[in-house]
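In: Would you be able to build a 3D model of this:
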Amino acid sequence: MSDSLNALGRYVRARRGVVLPEDVGLVRQPGRRVTGLRRQEVAELAGISAEYYLRIEQGRIGRPSEQVLSALARALRLDDESIAHLHRLVAGRPPQQVEPDPAVAERLARTLSRWYRTPAYISDPHRDIVAANALATALGHGGLAVGSNQIAGLFNDRMKSTLVEWEAMTRSAVATLRRDAHPDSPRLAELVRDLSADPDFVRIWARHDVSGPEDTTFHIVIEGFGEVAIDAHNFAVRSLPGYQLTVLSAGPGGKAETLFAGIAASVPLSTGTIRSAPPASATSAGG
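Out: Okay, here's the model as predicted:
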């Protein structure tokens, strides 16, 4: 069995487990033990035999045709990002591993440092934060500082208790890790090993998500402010494949605008830095 077909089998099996029968127009019968779809149901939705679909999950076939892959994508309700991931798995073409160009990295860090009222940071394919402005560092209690890991920061008790949309935000962040990191990366293996001490990470990682909202509004409880609504926007860094720029913004006249202005007035402005080597430990990050 080829590694790519094994990877394909793991992926469709995981996605089968998260698609609810109601999502595809099926009636959930009383006493049903399976949360997601059964193999037979996926096969019927895709218009292929149950035996053929079983062999796909087990990695016991050659490369499926484009027609079969498209049918599976429809049956499993895959979005465009997930379909692209499906084809990368079949082709055996994982994300690129790139070292940042120092000149590009320095320009990006310098740009972030000029954003005085907008928290912003850049993370590499492992979601290690390689550049951050002073507002992002202060707002994240150091968990959004250079050298921290965005994913690890979400799995501490403070974030779980104060981030209202913790489940959705964390699923989305973990999805970018699976999407952008090379599957054979030692840093990815280190992160998964360390974070697997948390059952929530194990559960979310097992979903095999590779997509989530790039623009969203989340709510977080800030001591002295109460619940604050913050807009988050994620952008791909075209000059650094797999890197992501995250910008946090505040609506006019709201609590978040007051919060950002207060932080901006109290922290020293810095030029920001770029880090090309991963931090020593994933779990040392805050949130």
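In: Contacts only, for the spatially closest residue to G242 that is not a sequence neighbour.
Out: Of all residues not flanking G242 in the chain, P125 sits nearest, at 3.5 Å (C-beta to C-beta, 6 or more residues apart in numbering). C-beta: built from backbone N, CA, C; applies to glycine. Applying C-beta atoms under 8 Å, 6 or more residues apart in numbering to P125 gives the contacts P95, Q97, L177, D180, A181, H182, S185, G242, Y243.
In: does the fifth one really touch D128, like I thought?
Out: No - when contacts are counted by C-beta atoms under 8 Å, A181 is not listed as touching D128 (10.0 Å).
In: Now do the shared contacts for the two.
Out: Shared contacts of A181 and D128, defined by C-beta under 8 Å, 6+ apart, are found at R187.
In: Average pLDDT for the strand or helix carrying Y52, rounded please.
Out: Following DSSP states H and E, one finds Y52 within helix 50-58. Averaging pLDDT along helix 50-58 yields 95.
In: so how far is S148 from the residue nearest to G242?
Out: 15 Å (C-beta to C-beta, to the nearest Å).
In: what helix or strand does the residue nearest to G242 sit in?
Out: When the helices and strands are read off by DSSP H and E, none of them contains P125.
In: In terms of pLDDT, where does it sit?
Out: Predicted confidence (pLDDT) at P125: the value is 95.
In: Same check on the one 10 residues further on?
Out: Per-residue pLDDT puts L135 at 90.
In: Which residues does the helix or strand containing it contact?
Out: In this assignment (DSSP H and E), L135 forms part of helix 134-139. By C-beta under 8 Å, 6+ apart, the surrounding residues in contact with helix 134-139 are 112-113, 115-121, 144-146, 248, 259-260, 263-264, 266-270.
In: Now with 10 Å, please.
Out: Residues outside helix 134-139 that contact it (C-beta atoms under 10 Å, 6 or more residues apart in numbering): 112-113, 115-122, 129, 132-133, 143-146, 148, 220, 222, 230, 246-248, 256, 259-260, 262-264, 266-272.
In: which SS class is the residue of the chain positioned farthest from its centre?
Out: Distance from the C-alpha centroid of the chain, by C-alpha atoms, centre = their mean, peaks at P30 (34.5 Å). Recorded secondary structure, P30: coil (DSSP: H, G, I helix; E, B strand; the rest coil).
In: Since that was my last question, I'll sign off now.
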